[in-house]
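*Asks:* mind looking at a prediction? Sequence and model below.
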Amino acid sequence: MIPSLVADVGNRRIKWGRCPRGAVIETVSLPPDDHLSWDQQYLIWGLSSRQTWAVSGVHPERLERLVGWLKRRAGQVMTLASWQQLPLNLAVDFPSQVGMDRLLNAVAAKHRVQREVPIIIIDAGSAVTVDWVDETGAFRGGAILPGFALMAQALHTYTALLPQVGVPPPVNPALPGTNTKAAIEAGIFWAVAGGIRALIRQFFLLRSTGRHPEVFLTGGDAHLLATVLETTISLWPEMTLEGIRLAAEALP
């Protein structure tokens, strides 16, 4: 199937992408439960029942709702819900338990690199994932840590006096924080950035050759981290959507 549109259902947002010429060329981020905003975007893009969609996501209930909404409007809707649908070799303990967003990112990265070099994929959203694709193109798993919003919420929920701070935090917040709000903002920013930095260094040690890994960064909070990761990275906002497109096209 060659989709003309793709959709990624996340924990905070739903992203649509147009791919009329074999690449995701335009994207939009929409509320996950607001059908009126979906109707409006459908009209803005001038969509019709002739279009074909490929969709995936990490929130099953919202994914089901979007698929039902699309089936009343689109010509064909394909749902990518299993690792077995993907053109990807998985070298992990339980393939069915790996988030589809992580695997779709690997599909996109492997297609772009097309060389025998390792790949590190950072996806900074509600949770932050840092994953490893080895020199053979196999997805070997990675690490998962809380994102900015989850850290901020946990500090507020599980303490008596710490306030709820806005997220995302300031980019590269000043240290030391001279008030509680500033200290929390600095703490959650550098916890995420520092965790990613440390994981990148650990993954560098996994190289079976001296080849430098390709490092990709995506996700809703990626722009906040792009300048502080101390290595050459490729910022790729459309990465998951591109993985959906490629996976759909690879199916018979």
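*Replies:* Great, that's in hand. Here the structure is a predicted model, which means the values were calculated and not measured. Numbers count the residues shown, from 1 in each chain.

*Asks:* give me the number of residues near residue 208?
*Replies:* 10 (other CB atoms under 10 Å). For the C-beta atoms, the positions are set from N, CA and C on the backbone; glycine is no exception.

*Asks:* now do the SS call for it.
*Replies:* coil (DSSP: H, G, I helix; E, B strand; the rest coil).

*Asks:* pLDDT score for it?
*Replies:* At residue 208, the predicted lDDT confidence score is 72.

*Asks:* one more: the one 5 residues further on?
*Replies:* The confidence metric pLDDT takes the value 93 at residue 213.

*Asks:* so what's the residue count around it?
*Replies:* Using other CB under 10 Å, residue 213 has 22 neighbouring residues.

*Asks:* for it, give me phi and psi.
*Replies:* Torsion angles at residue 213 (phi, psi; degrees, to the nearest 10) stand at phi -70, psi 150.

*Asks:* now it: closest residue in space, sequence neighbours ignored.
*Replies:* In this structure, residue 213 finds its nearest non-sequential neighbour in residue 118, 4.3 Å apart by CB to CB, 6 or more residues apart in numbering.

*Asks:* please apply the same query to residue 74.
*Replies:* Residue 74 sits nearest to residue 53 (CB to CB, 6+ apart), 5.1 Å away.

*Asks:* how much space separates the residue nearest to residue 213 from residue 139?
*Replies:* 11 Å (CB to CB, to the nearest Å).

*Asks:* which one's more surrounded, the two?
*Replies:* The residue with more neighbours, out of residue 118 and residue 139, is residue 139; 27 against 23, by other CB under 10 Å.

*Asks:* show the contacting residues for the closest residue to that one other than its chain neighbours.
*Replies:* Spatially, and ignoring its direct neighbours in sequence, residue 139 is nearest to residue 106 (4.6 Å; CB to CB, 6+ apart). For residue 106, the contacting residues are 88, 119, 121, 131, 133, 139, 243, by CB atoms under 8 Å, 6 or more residues apart in numbering.

*Asks:* let's see 10 Å
*Replies:* Counting by CB atoms under 10 Å, 6 or more residues apart in numbering, residue 106 makes contact with 86, 88-90, 98, 119, 121, 131-133, 137-140, 142, 216, 239, 243.

*Asks:* just the ones of the residues you listed in helices?
*Replies:* Here DSSP state H is the test, and the contacts of residue 106 give 239, 243 as lying in helices.

*Asks:* now the buried members of the contacts of residue 106.
*Replies:* Buried members of these, scored by 16 or more other CB atoms under 10 Å, are 86, 88, 90, 98, 119, 121, 131-133, 137, 139-140, 142, 216, 239, 243.

*Asks:* residue 168: which of those is nearest?
*Replies:* Distance to residue 168 across the buried ones among the contacts of residue 106 (CB to CB) is lowest for residue 239, with 18.8 Å.

*Asks:* quickly note the distance from the residue nearest to the closest one when sequence neighbours are not counted to residue 141.
*Replies:* Distances taken as CB to CB, 6+ apart place residue 218 nearest to residue 239, at 3.9 Å, with adjacent residues excluded. Computed as CB to CB, the residue 218 to residue 141 distance reads 18 Å.
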